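>>> 3D, please:
(chains A, B and C)
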Amino acid sequence: MTTLPGVRAARTASPDRPRSHRGPRTGEARWALLFLGPTLIGLALLSAGPILATLGISLTSWDMLTPPQFVGLDNYAQLLGDGRFLTALRNTFFYTAVSVPLGLVLALGLAMAVNQQIRGISWIRTMYFLPLVTSATAVALVWLWIYSPTGILNHALGVFGVSPQRWVADPTLAMPSIIAMSIWQGLPVNVIIFLAGLQAIPSEYYDAVSVDGAGRYGRFRYITVPLLTPSIFFTGVLALIGAFQVFDQIYVMANPGKPGGATITLVYFIYESGFRNFHMGLASAAAWILFLIVAVFTILYFRTQNRWVHYK
Amino acid sequence: MRTLRASRGPRRLAVIAIASLLVAGCTSTGSTPSPAPTAAPTPTSPPVATTSIVPTGSPSPAANPAAKCGTYQGPATTITYAIWGDTTELANQQKIVDAFTAKNPSIKVKVTVADWDTYWDKLQTSLAGGNAPDVFVMDGPLFPDYQTRDQLLDLNPLIARDGFDTGQLADLGVKDFTAPDGHLYGLPRDLSTVALYYNKKMFDQAGIPYPDDSWTWDKLVEVATKLTKTSGGATQWGFYTETTDMENYWSSLVWQAGGDILSPDKKTVVIDTDQAAAGLQFLQDLIYKYKVMAQPVPGGAAGDLFENGQAAMEANGSWLVPTHEAAGIDFGVAPLPRGPAGQATSVNPSGVVVYKGTKSPEAAWEFVKCYTGPDMQAMVASLKASMPANKQTLADIYATSFDGGKTFAGALAYAHLKPSFRGYNEFTTALQDELDSNVFNDNKLTAKAALDEVTPTLKGLLGK
Amino acid sequence: MSASVASTPIHHAPAGRRTRRRAWRLLRKTALYIALVAGGVAMMIPFLWMLSTSLKTRAEVFSSAPFSFPTGLHWENYSTMWFALPDVTFGTFFQNSLVIASLATIGQLVTCSMAAYAFAVLDFPGKRILFALILATLIIPFQVVLVPNFVLYRSIPWPFSDSGNWIGTNLPLWVWAFFGGAFGTFLLRQFFLAIPIDLADAARVDGANPWQIFRHIYLPLARPALATVAIFQFMWSWNDLLDPLIYLRDLSSYTTTVGLAFFQGEYVGNWPVMMAGALVSLLPMIILFLVAQRYFVRGITISGLKG
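Numbering: from 1, shown residues only, chains lettered A, B, ... in the order given. As a prediction, this is how the structure comes out:
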């Protein structure tokens, strides 16, 4: 049990802490190794290896069954001119741009709603948790039923005089329909994370602000939101990355037949190229293009962190 | 939704028997055993690209004991056998495996099952990883993709050595698993054909005689119109079929109109001919012009309308028999209505193949041999979802086991093989995408216009 | 327990206003209840559909409307599901899933919390790059690493399995969890960052080393986050279909997801039995969630720091 050298000057707990006057704490690097040991091994063996292999594969033409042939950047060039790929790209962007903000806002509202100290709240929360564990097939079936031409949605709209729509079958409405279903299904994830974040806000803060006369909106604006920003940031990143990778919903909604131009997404394109069309090299190249896009957005998102995320 | 999975799943075919019975009478009646059981018939014709050199040798398998099941002499071993399917399928395959082990006690078989999509994911992953099942099932259309990539074991030497009579199996099935070099790289295990189901009750109520083999397209439209009616908010459709896979049923329409999808040598795309377009146009007309068929809903949320009792007729495959029965529909089966160029239907064999890198080729071959023999084929036939590839079994057991059996089996006589070529998935995705968006789900284009639009892409994809 | 957002005001109001305010609050509370429950029911619809379907007969599923009540309660679907396969009952699948999911969860809880602590609190060179690398692993879709991973596991010699390597065992399904994970690390790091650094500083002044600070200060405070990670990891492992399918070979080693897939039938699924199985399968997760809710408690308040 060693005492660390010197007393540290207090510093803010932001992720990029400015170094204190005394310079980095050298002893900590060894501790870091201890704490990060397993992760580092995992990174090297389980992640880096396969991911680098994928990069290598993207430079080849490979059908998985015969030896790969080096083609350099041909796959990348081909993708940029591939109609189906570009459609998938466009659909994925649209999906992300709509589902992420909408999903987060709804989740936040819902989390606040279920963050109540009322009786039976555990059961209510469990109800909201259910979509997360309900079988994907069941979810898709129910939504397909809701969206069917003679389904409940058209019935409801008919009351307002809106003519029946074909929803998933309609090229313009297909993606929005799937987005609605995805948001519904993804709510529990973000709600849970926000819940945990809300719970972590000490009530003293609320009490303190109340003394100063802040109303509910004031409490929300000056305590809840700022203190929740780490959680919002976190869910935002995950939602962003996840949205770019949407696959399951497309896969299930499109069965049978394959997703057409209206609903095909990047990861489905990757899956199709690799596992259906024997173009694993092309699929890997598409995966790396996806990676670069998401990495860029994530970096930008991280950059904004300092402006709006409050750690403590 | 799994209901309409049929369009992508393997078609259990089982139509061979009647055709072969009619044509090759000499093989089915008790024939005299040929002498010298050890003298395996050798292939006499030189390897020609389009002709199979697979020995169809001696008329009676009994003559060559090596061709029978249970002759394995090698060391005790365990082989893995992979199939697609569900619990019923697994249970039945397990029965087959048990029967196999009874005949060959030194071979243990481990059956693994997956649903259709994950089956192929798993297969490709394990092939790529060098750890594939010894024996696995193969879909006809996808066979070339695996065979041309050198993943399958050439069975000719084993067939020749044991004197296995491939003539006992459906000819079209055998053809489907013959590679361009004329060798067999798998054996067909079952087949499926497409015919016309009809709801007897609806026909009786309307006082219309049941469909028969004299029906033409016009007759179909005429009767379907009579049987399409809306009452109290619910519609009864005269006709139903699936549109997302050529097998059920637009490829039959193309052939019935005198067209085809690919040229016989599989090198040219011919689906943009007027005849082929006429076939597809007929299907579009059924939906939008004659209005006897409901507009298809992607995702299959509506389910199988015939099975739900909402359609009077259905053109679909033989694999639906058990589920239609389970749904309690009193149905009959008739041949498809003929087109302008005559009668045609689709046949799709599925087969068993051996992994080229198997460590137990003899045991694997023994299993394949037994599976396609009469005893185990009989087990296949008992399912009713599969038409056994064994001609005898098809005629004796399948064709007589239920009302429509004869029709499905008889359809083999005029059946075309579901197109089978390298790059099948990519090709059909592009084609089907065009047809679904513009011809079936919506009538944005005529069939001909849509085909003209997509054919350049298809030409580029062929044989890639 | 958490304080509701509408916390009570500290000063007292005159009696009349108090009664009115109470009535108003009661009304709001009732409205809130109704809204919450209604919303909850909406979220439960597919679940209710599963329940109703699991009690119908196969023919009924197609002939009746999706949300009709089953005509009779066909509980035999559950026993059919349980005993559907030769040699193994669904209980075996359940057990396998439980073991694998639990191991994976434990692995993640341990290694991710440690890594998150390092990133949030400790200071060392290369911290940002390393974290970026970890985050990057989230972005690669699994479809493209499927084959390289398979090849990796195939090349690990393992004398205890039939194949001589990890293929055919359940090791590829949980061992990785003991070597870190991006989601867990990221989530916990966010939480650790939000814990006031004064706590750690005070402890350090008292002579505590990083491990003690981690164990006695950060871990207890991060209960909600740990519970969250546990829920998600357990759920993901439990619901994983593709990995067990690819790596497991023996019927007796299969998980519930693989077992359920057998009912999906290639032509027409056996919906009632499948939904019965799916319902039984999600019970552990619901139980886990109910239990974990107790950990969604506010961490120790900062008042504990004074002095």
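>>> after whichever strand or helix holds A:M112, next one along is what?
Using DSSP states H and E, A:M112 maps to helix A:83-114. Heading C-terminal from helix A:83-114, the first helix or strand you meet, by DSSP H and E, is helix A:121-133.
>>> just checking, what packs against that next one?
helix A:83-114, helix A:171-199, helix C:15-54, helix C:223-239, helix C:271-292 (3 or more Cβ pairs under 8 Å, 6 or more residues apart in numbering or on different chains; DSSP states H and E). Using the backbone N, CA and C atoms, a C-beta is placed for each residue, glycine as well.
>>> which of the three states applies to B:P349?
Here B:P349 is strand, with the state taken from DSSP: H, G, I helix; E, B strand; the rest coil.
>>> A:Q245 contacts C:P141, correct?
Yes: the criterion here is Cβ atoms under 8 Å, and A:Q245 meets it with C:P141 at 5.4 Å.
>>> what residues are shared contacts of those two?
Residues touching both A:Q245 and C:P141 (Cβ atoms under 8 Å, 6 or more residues apart in numbering or on different chains): A:V267, A:L290.
>>> any regions of the stretch 51-200 of chain B where pLDDT drops low?
Within the stretch 51-200 of chain B, the segments meeting pLDDT under 70 span B:51-63.
>>> and the helices in it?
In the stretch 51-200 of chain B, helices defined by DSSP state H, counting those that start in this stretch lie at B:87-103, B:116-128, B:143-147, B:156-162, B:171-176, B:200-206, listed in chain order.
>>> make JSON lines from those helices and add mean neighbour count to it.
Formatted as JSON lines, the helices of the stretch 51-200 of chain B follow (neighbours: other Cβ atoms under 10 Å in any protein chain shown):
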{"stretch": "helix B:87-103", "mean neighbour count": "18"}
{"stretch": "helix B:116-128", "mean neighbour count": "21"}
{"stretch": "helix B:143-147", "mean neighbour count": "23"}
{"stretch": "helix B:156-162", "mean neighbour count": "18"}
{"stretch": "helix B:171-176", "mean neighbour count": "24"}
{"stretch": "helix B:200-206", "mean neighbour count": "14"}
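>>> take these and lay them out in a markdown table including distance to chain C.
Converted to a markdown table, the helices of the stretch 51-200 of chain B look like this (distance: least, Cβ to the nearest Cβ, whole Å):
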| stretch | distance to chain C |
| --- | --- |
| helix B:87-103 | 4 |
| helix B:116-128 | 5 |
| helix B:143-147 | 16 |
| helix B:156-162 | 26 |
| helix B:171-176 | 19 |
| helix B:200-206 | 14 |
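>>> with adjacent residues omitted, what lies nearest to C:S163?
Excluding its sequence neighbours, the residue lying closest to C:S163 (Cβ to Cβ, 6 or more residues apart in numbering or on different chains) is B:N131, at 6.5 Å.
>>> check contacts around that neighbour.
B:N131 neighbours (Cβ under 8 Å, 6+ apart): C:R154, C:S163, C:I167.
>>> check contacts around the second one.
To tie it back to what came earlier, the one meant is C:S163. Applying Cβ under 8 Å, 6+ apart, we find C:S163 in contact with B:N131, C:R154, C:R249.
>>> taking the stretch 201-312 of chain A, what residue is nearest to chain C?
A:S203 (3.8 Å; Cβ to the nearest Cβ).
>>> count of residues packed around residue 159?
Because you didn't say which chain, this covers chain A. 7 (other Cβ atoms under 10 Å in any protein chain shown).
>>> wait, chain C
6.
>>> understood, closing this out.
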